[in-house]
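# Starting from these lines, generate the structure:
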Amino acid sequence: MIGSQVSSWRRKKGLTQEAAAQLSGVPRKQLWKLENDKIVTIETFRRVVTALEIPLLTLGTTEIVTHDLGLAELRQRAGNAIDALGKLRDLIDVLSPPAPPTQPLFTVEDLHAEQIIELLERWRDLDVPPPSAP
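Numbering: from 1, shown residues only. Predicted coordinates:
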């Protein structure tokens, strides 16, 4: 998978494994491992990809980021990501139930004596102690 693509890039540049390994600063055996999809360190991978000027993370099916992106393109991609996050936040706001109010819908001062007595009776019936005065 990735190894065959690295090998293909190396051959396109007209390099042998020995020359590519020397250019990358890695042992030829490590380059062979990478090209044959064996386990190598991230540092080996980074050195080979950098030396062969392979666009990073294009090894596979989808280009995500390349090491040669210009600043303008990076800004554009960042802007697109921020726009997408904003749209996602808006969608979440629309689909989410409203948050409970941070202030009470009414205060004791807004109630008449009869209403206060009725609320206290309901609390007593629920076997819940009434709230204490602040």
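# quick one, helices of this structure?
2-12, 17-24, 28-35, 42-51, 71-95, 113-125 (DSSP state H).
# Let's have those in a markdown table, adding mean pLDDT and mean neighbour count.
No exception for glycine: its C-beta is placed from N, CA and C like everyone else's. Formatted as a markdown table, the helices of the chain follow (pLDDT from 0 to 100; neighbours: other C-beta atoms under 10 Å):
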| stretch | mean pLDDT | mean neighbour count |
| --- | --- | --- |
| helix 2-12 | 89 | 16 |
| helix 17-24 | 96 | 18 |
| helix 28-35 | 94 | 20 |
| helix 42-51 | 88 | 17 |
| helix 71-95 | 72 | 10 |
| helix 113-125 | 70 | 11 |
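# wouldn't residue 25 be in contact with residue 47 here?
Yes. Residue 25 is within contact range of residue 47, at 5.6 Å (criterion: C-beta atoms under 8 Å).
# Next, show the common contact partners of the two.
Here residue 25 and residue 47 have no joint contacts, going by C-beta atoms under 8 Å, 6 or more residues apart in numbering.
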